[in-house]
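**Q** The following block contains a protein sequence and its predicted model.
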Amino acid sequence: MSLNFKIVIILIIVYLCNAQIILENDYSEGRLYASFLKYSGLKYYTNQGSYIKIYNSDHSLLRTISVSTSINFEINSLSYLSENLFNTSINMALAVNLISTANGIEYKTLILDENGSVLVELNDCIYVNVVDSQDGPKMVAWFYNNGSYSSKVYDLPGEVVSELELVNNVPELENRAYPNPSNGTVLIDYELPPNVENAVITIFNIYGEEVKKILVDKSFNSIALNTEKMTSGTYKYSITSNNQILGQNKFVVVK
């Protein structure tokens, strides 16, 4: 084996080893967190001062939340960005830990929804941990006050759903979107359960961004979706009623 051939082999091995991890995006705001949400998929989130920024999986900015902090308090950390965990709706919510060093060290934790509304305020709370159980999700909170620690357990109204369960637990509708693939109009058939009068069909793109929302009822059993302004790619649609997913499926748009 010639020396040149050996060098080529070594260079290929070095390249393959180094090609496993690739920088995808650089965030300058500070500490970045990531969560896989029940309905809209992967989201990144961080804070800049008293603002929380939520990004889509392609790193485009989805939403900015203004946090109304108490005097002398600032955001210390973020956790548990989720849908249908701290509430029973499809709106996002998360835990925000605050700290103040004005008069010693003080903590508090806020559970905020995506509009910045406070769902729960936990004074002296320094940390929360969410676990699933046979009785539904529980939140364990640690408190620190006057040099001593204590803990409390809270019952959460929603549910903990892993990425695998997102696939397995949500019923998949029969292939009722046609033609599929489509380059024009897609017809989506639907059938509401006997106890459901109204529902919403929501269309998401591959990044989990909402493209269109359509209110439906039992007057019809299908909708016509014009895809002319939609880019090529795979789209997911879900049918929900009272914040519960009745089913979901996908269709493809080609140009």
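**A** Noted; the coordinates are in hand.
**Q** just the strands in the stretch 1-150 of the chain please.
**A** 33-37, 41-48, 51-55, 61-66, 74-83, 92-100, 106-113, 118-123, 125-131, 138-145, 148-155 (DSSP state E, counting those that start in this stretch).
**Q** Give the buried residues for the second one.
**A** Burial within strand 41-48, assessed by neighbour count using 16 or more other CB atoms under 10 Å, is assigned to 41, 43-47. Yep, even glycine has a C-beta here, placed from its N, CA and C like the rest.
**Q** other SSEs contacting that strand?
**A** Applying 3 or more CB pairs under 8 Å, 6 or more residues apart in numbering; DSSP states H and E, we find strand 41-48 packed against strand 33-37, strand 51-55, strand 74-83.
**Q** Show me the shaky parts of the stretch 51-200 of the chain.
**A** Applying pLDDT under 70 to the stretch 51-200 of the chain flags residues 161-175.
**Q** tell me, what residue is most central in this protein?
**A** residue 37 (2.9 Å; CA atoms, centre = their mean).
**Q** how far does stretch 118-128 stretch from start to finish?
**A** End-to-end span of stretch 118-128 (CA to CA, to the nearest Å): 16 Å.
**Q** burial count for the nearest residue to the residue nearest to the centre of the chain once chain neighbours are set aside?
**A** Closest residue in space to residue 37, ignoring its immediate chain neighbours: residue 83 at 4.8 Å, by CB to CB, 6 or more residues apart in numbering. Residue 83: 22 surrounding residues under other CB atoms under 10 Å.
**Q** Do I have it right that residue 81 meets residue 38?
**A** No - counting by CB atoms under 8 Å, residue 81 stays clear of residue 38, with 11.0 Å between them.
**Q** Now for the residue nearest to residue 37: which residues touch it?
**A** Shown in contact with residue 83 (CB atoms under 8 Å, 6 or more residues apart in numbering): 37-40, 90-93.
**Q** Most neighbours among these, which one is it?
**A** Neighbour tally across these (other CB under 10 Å): the maximum, 27 neighbours, falls on residue 92.
**Q** residues contacting that one?
**A** When contacts are counted by CB under 8 Å, 6+ apart, residue 92 touches 37, 43, 54, 63, 81-83, 113-114.
**Q** and what of residue 104?
**A** Taking CB under 8 Å, 6+ apart as the test, residue 104 contacts no residue whatsoever.
**Q** Any figure for the gap between it and residue 48?
**A** Separation of residue 104 from residue 48 (CB to CB, to the nearest Å): 26 Å.
**Q** How about residue 41?
**A** For residue 41, the distance to residue 48 - CB to CB - is 23 Å.
**Q** Same check on residue 77?
**A** The gap separating residue 77 from residue 48 is 14 Å, by CB to CB.
**Q** Who does the nearest residue to residue 57 once chain neighbours are set aside form a beta bridge with?
**A** Distances taken as CB to CB, 6+ apart place residue 42 nearest to residue 57, at 4.1 Å, with adjacent residues excluded. On the basis of DSSP bridges, residue 42 is bridged to residue 36.
**Q** from here on, count from 250
**A** OK, 250 is where the count begins now, so the last one is residue 291.
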